[in-house]
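1. Need a 3D model of the following:
(2 chains)
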Amino acid sequence: MTIVYAVLILGVTAIIFGLILAFAAKIFEVKVDPRLPEIQSALAGANCGGCGYPGCAGCAEAILNGKAPVTACAPAGAEGAAKIAAIMGVEAGAGEKKVAHVICNGGDNCVKRYDYVGTPSCLAATKVAAGPTACQFGCLGFGECVAACQFDAIHINDHGVAEVDKEKCTNCGACREACPRRIIVEVPYKQKVFVNCANKDRGPAVTKVCANSCIACGMCERTCKKDAIHVVNNVAVIDYEKCVNCGLCAKACPKNAIEPIPTPEEKEKFKAAQKAAAERAAAAKKAAEKAAAEGAN
Amino acid sequence: MKITTLLAISLGAILTNNFIFAQFLGICPFLGVSKKSDTAIGMGLAVTFVMGIASAITYAVNLILVALGLEFMQTVAFILVIASLVQFIEMFLKKSMPSLYTALGVYLPLITTNCAVLGVALLNVQNEYNFFESVVYGVTGGLGFLLAIYLFSTVRERTEFADYPESFEGFPIALITSGLLALAFMGFSGLQVWPM
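-> A predicted model of the protein is given here:
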């Protein structure tokens, strides 16, 4: 008999509470825009905060309210942006995929002023006499960015410089924020040629601190056929809109500061080709002058 | 029912028999939600609310159970009550106070599994409190929880910057701190309300 009572009382209470909750659900029903959960599922879901909103839920709400663009979530990429655009009924626009890139290739080429033995943190190292690297712009290599990356996409390479794995990079911006020297930049995913130097000092000063630095000689600027590379503030900067990734500037660079770094043979070949072209140009000019002179006569 | 009894119950629930530091109930949210003081306060207030209402409803449920001689069903019946109550509160907050709802976030449904809430319901029965005493015990027990979790969160915000051995990072140092706090609360154990 006790068992029957026990089952009954529990069952009845459960039913009563169930009914109350069912009614409450109707009374307290909150109409949620059905697009909100859809948008949220299209976001990357990493809660990285790269969009500037508190977590993915905040970003989804901002997109829904039209405060954020449909491309707000960088980790979701063009695919996610397209999905959200479909939900919102707008065009995704030019959602070109971008990744982070470290503009330094110093590392063991960079002169060290002292041995830093404190906390292995870039920020802490910059506080000790402005950092152990003689270059005031270069990568310190303590991995502040590595720790900040949630996607395992940035690592310190064999030369002691941070390097982005662009396949894994979602361009969330965490490393850019973490780097005390601010040498991690946003670049188009398909870009292949980079000036890996951020040193804004003049040529002679730069040469003293790093073997792989941009000395602002302007060779790249003169070589480029697309007007896509310019020396600004003593360092070469590529205009990614104009650049066609031909790599001529990299071959022309006397300091190996432009990626992809050419092999010595490539360099020689390039120099020879340049010389030949210059000779040919000079010859053509001479011929033209001669022709002009004859014509005048 | 005397005012001194209620005062004694309140003092006991908040200080001498604090749910966390003296009875070790509700340790899970105490450790989990105490990293920041503002979420700690939110959690404490929600627990206070649920404990107060749960005390009132479980008192009524217990009357039925006792009448049918089913005292052994207390635990399971109370859990049913608490779970439904938390669900109800969640719906209510979502409708009427969406800002508080988003602030509490995942901690709101987590109250269902807070053993301090079940503890207060069972202790009400054990101590043979009447309806009014039960509610007072529930609310003040919740306030005790709020006090404990807030104190602990402020301490924890500071231990973030403290210089302790690396192996103590995270929960070990939190557990040591809470042990010391509990020790401090033991100082209240002599506290009494003199009958007037």
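
2. got a list of what the residue lying closest to A:Ile258 once chain neighbours are set aside touches?
-> Distance criterion CB to CB, 6 or more residues apart in numbering or on different chains; nearest residue to A:Ile258, sequence neighbours excluded, is A:Ala250 at 4.0 Å. C-betas here are computed from N, CA, C, even on glycine. With contact taken as CB atoms under 8 Å, 6 or more residues apart in numbering or on different chains, A:Ala250 is in contact with A:Val193, A:Cys220, A:Ile258, A:Glu259, A:Pro260, A:Ile261, A:Pro262.

3. Of all residues in the stretch 101-250 of chain A, which one is closest to chain B?
-> Proximity of the stretch 101-250 of chain A to chain B (CB to the nearest CB) peaks at A:Thr119, 11.8 Å away.

4. how near is that residue to A:Cys246?
-> Relative to A:Cys246, A:Thr119 is positioned 44 Å away (CB to CB, to the nearest Å).

5. When those two are compared, which one has more neighbours?
-> A:Cys246 (15 against 11; other CB atoms under 10 Å in any protein chain shown).

6. Roughly how far does the nearest residue to A:Lys97 once chain neighbours are set aside sit from B:Ser55?
-> In space, and not counting its chain neighbours, A:Lys97 is closest to A:Tyr189: 4.1 Å by CB to CB, 6+ apart. To B:Ser55, A:Tyr189 is 60 Å away according to CB to CB.

7. now do B:Gly119
-> Separation of B:Gly119 from B:Ser55 (CB to CB): 11 Å.

8. A:Gly50 too?
-> From A:Gly50 to B:Ser55 the distance is 46 Å (CB to CB).

9. What of B:Val33?
-> 22 Å.

10. Show me which residues of chain A sit near chain B.
-> Residues of chain A lying close to chain B (CB under 8 Å from any CB of the partner chain) are A:2, A:5-6, A:9-10, A:13-14, A:17-18, A:20-21, A:24-25, A:27-30.

11. go with 7 Å
-> Residues of chain A lying close to chain B by CB under 7 Å from any CB of the partner chain are A:5-6, A:9-10, A:13-14, A:17, A:20-21, A:24-25, A:28, A:30.

12. and which of those is nearest A:Phe142?
-> Using CB to CB, A:Val30 comes nearest to A:Phe142 of those, at 48.2 Å.

13. what's near enough to touch B:Ala116?
-> By CB atoms under 7 Å, 6 or more residues apart in numbering or on different chains, the residues touching B:Ala116 are B:Phe19, B:Leu25, B:Gly26, B:Val47, B:Met51, B:Gly141, B:Phe145.

14. Help me confirm that the second one is found in a helix?
-> No: using DSSP: H, G, I helix; E, B strand; the rest coil, the secondary structure at B:Leu25 is coil, not a helix.

15. which strands and helices sit next to the helix or strand of chain B with the lowest mean pLDDT?
-> Using mean pLDDT, DSSP states H and E, helix B:98-104 stands out as the lowest-scoring helix or strand of chain B, at a mean of 73. Packing partners of helix B:98-104 (3 or more CB pairs under 7 Å, 6 or more residues apart in numbering or on different chains; DSSP states H and E): helix B:37-67, helix B:74-96.

16. Just give me how far the longest one sits from the chain centre.
-> The one in question is helix B:37-67. Distance of helix B:37-67 from its chain centroid, counting by CA atoms, centre = their mean, to the nearest Å, is 8 Å.

17. So which elements touch that helix?
-> helix B:74-96, helix B:98-104, helix B:107-110, helix B:115-126, helix B:131-159.

18. Kindly recompute the last result at 8 Å.
-> Helices and strands touching helix B:37-67, by 3 or more CB pairs under 8 Å, 6 or more residues apart in numbering or on different chains; DSSP states H and E, are helix A:2-27, helix B:74-96, helix B:98-104, helix B:107-110, helix B:115-126, helix B:131-159.

19. How about the last one?
-> In this structure, helix B:74-96 makes packing contacts with helix A:2-27, helix B:37-67, helix B:98-104, helix B:107-110, helix B:115-126, judged by 3+ CB pairs under 8 Å, 6+ apart.

20. buried stuff in the helix or strand following the first one?
-> This means helix A:2-27. Next helix or strand after helix A:2-27 toward the C-terminus (DSSP states H and E): helix A:35-42. Buried residues in helix A:35-42, counting neighbours by 16 or more other CB atoms under 10 Å in any protein chain shown, are found at A:Glu38, A:Ile39, A:Gln40, A:Ala42.

21. and residue 55, how many neighbours does it have?
-> Unless you meant another one, I'm taking chain A. Neighbours of A:Gly55 using other CB under 10 Å come to 16.

22. oops, I was thinking of chain B
-> Neighbours around B:Ser55, by other CB under 10 Å: 25.

23. Quick check: the gap between it and B:Lys36.
-> In this view, B:Ser55 and B:Lys36 are 28 Å apart by CB to CB.

24. and what of A:Ile39?
-> For A:Ile39, the distance to B:Lys36 - CB to CB - is 28 Å.

25. swap in A:Thr13?
-> A:Thr13 is 37 Å from B:Lys36, by CB to CB.

26. which one of those two has more residues nearby?
-> Neighbours were counted for A:Thr13 and for B:Lys36 using other CB under 10 Å; A:Thr13 has more, 19 against 13.

27. In this structure B:Thr75 contacts B:Leu122, no?
-> Yes: if you go by CB atoms under 8 Å, B:Thr75 and B:Leu122 touch, sitting 7.0 Å apart.

28. about what we covered before: hmm, which of the residues of chain A next to chain B are the buried ones?
-> The neighbour count (16+ other CB under 10 Å) marks A:Ala6, A:Ile9, A:Leu10, A:Thr13, A:Phe17, A:Leu21, A:Ala24 as buried among the residues of chain A next to chain B.
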